[in-house]
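Asks: Only the shape, not the letters, is given here:
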């Protein structure tokens, strides 16, 4: 339990620091057409938490390098907790707070015709647009959004949660890869790998889910899940490099061994 | 490899000599245990102390302290944060802050100016460089505890 907390603490710290920074920046720099209510803030903050946690789990994976035994199990447990938290924050807490704010103003029927934008609301929207295909699709109107785009909105948060899991594993692998470096270079190398991995995944998501794509013909499910190929390739490459290095080390030890003694049993 | 008949070959051998007769007999037929024992013997020979050499070895006085001090010096040298390390950390901090603003969509929000973004990025870079220096000082303090 302590090892699990040790893994989750850095991820929470990174999430807290980055979310605070974004929220303060938003409060100071972004022009608001009207003063924000508590529901507005709750919706905004929980959405940011849900977005940043999957990227911050990399730090949790690195922290797991210091624990002994059962690391793989801890990686999956920490990754799963982070993934579920991120999904709950961005797909339930944030849309429900947003819905409460619209309901408070009495504008909920016009702005949220399918209820809160939770996965259930998105499913209702998908059923509606499939049963009532409009003459012309548009991304601005939820009743006329292409079904493939709605499927993307349904699957994207799940894919992001899967990324949280993979990113925890990537953190552990990166810790193994950089363990022989001097401490300052090691910290920078881990920082750089985590940042580059997160940016690579985000870039893939950005292009896969771009609003300019032809959502009548592009598969929303594929567009949501395909960007996961980036962290998966990273995992394969990192594992390969670590195994190769371990193999070299094993060969070195065996070559240093003296010839075996004459032994009756062998 | 695991043998169902004998659980721990390690427990019954010492530096390549199999003591128990039943294990010795088992080894003539079991390939798995043979391989285990072979690996153990290889490892044993790597780390085996030579009892004949031991009485002649004279350990100089203060060797322990000198070795620890040398290790500590090496650790301090490795933990020392150079300006280049701070610069790299600062660049990474700037990139992280900008990435977070971009990922959360704040960069496209109304009213955000490039000056505000630059100030935020500078704050992120400074914080990252400060964290790097602080971690370096902590590592040096830990290395010095060895002496």
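Replies: Looks like it came in fine. Treat the numbers as computed from the prediction; the structure is a model and nothing was measured.

Asks: so which residue of chain A comes closest to chain B?
Replies: The nearest approach of chain A to chain B comes at residue A:31, 3.0 Å away (Cβ to the nearest Cβ). Placement of C-beta: from N, CA and C, glycine included.

Asks: quick one: low-confidence parts of the stretch 51-200 of chain A?
Replies: A:69 (pLDDT under 70).

Asks: Get me the contact residues on it for chain B.
Replies: Counting by Cβ under 8 Å from any Cβ of the partner chain, the residues of the stretch 51-200 of chain A lying close to chain B are A:51-52, A:55, A:182-185, A:187-188, A:191-192, A:195, A:198-199.

Asks: out of those, who has the most neighbours?
Replies: Using other Cβ atoms under 10 Å in any protein chain shown as the neighbour test, these are led by residue A:55, with 28 neighbours.

Asks: Name the helix or strand for that residue, please.
Replies: helix A:38-63 (DSSP states H and E).

Asks: helices or strands next to that helix in the packing?
Replies: Here helix A:38-63 touches helix A:2-29, helix A:71-88, helix A:94-104, helix A:147-177, helix A:183-208, helix B:83-103, going by 3 or more Cβ pairs under 8 Å, 6 or more residues apart in numbering or on different chains; DSSP states H and E.

Asks: quick check, the first one touching chain B?
Replies: Think helix A:2-29. Yes - using Cβ under 8 Å from any Cβ, helix A:2-29 reaches chain B at A:18, A:21-22, A:25-26, A:28-29.

Asks: List only buried entries from the residues you listed.
Replies: Buried subset of the residues of helix A:2-29 next to chain B (neighbour count, 16 or more other Cβ atoms under 10 Å in any protein chain shown): A:18, A:21-22, A:25-26, A:29.

Asks: any chance you could map the helices in chain B?
Replies: For chain B, the helices defined by DSSP state H cover B:21-27, B:31-47, B:63-79, B:83-103, B:114-144.

Asks: Could you give me the buried positions within the first one?
Replies: Going by neighbour count (16+ other Cβ under 10 Å), the buried part of helix B:21-27 is B:23, B:26-27.

Asks: The last one too?
Replies: Of the residues in helix B:114-144, B:117, B:120-121, B:123-125, B:127-129, B:132, B:135-136, B:139-140, B:143 count as buried by neighbour count, 16+ other Cβ under 10 Å.

Asks: Now do the SS call for residue A:36.
Replies: Following DSSP: H, G, I helix; E, B strand; the rest coil, residue A:36 is assigned to coil.

Asks: List the buried residues of stretch A:121-133.
Replies: In stretch A:121-133, counting by 16+ other Cβ under 10 Å, buried: A:121-122, A:124-126, A:128-129.

Asks: what sits up against that stretch?
Replies: Contacting residues not belonging to stretch A:121-133 are listed as A:95, A:112, A:114-115, A:142-147, A:150-151, A:153-154 [Cβ atoms under 8 Å, 6 or more residues apart in numbering or on different chains].

Asks: Mind checking which residue lies nearest the centre of chain A?
Replies: Nearest to the geometric centre of chain A sits residue A:54, at 2.9 Å (Cα atoms, centre = their mean).

Asks: from memory it sits against residue A:161, does it?
Replies: Yes - in this structure, residue A:54 is within contact of residue A:161 by Cβ atoms under 8 Å, at 6.9 Å.

Asks: Now for the two: what residues contact both?
Replies: Common neighbours of residue A:54 and residue A:161, using Cβ under 8 Å, 6+ apart, are A:83, A:86.
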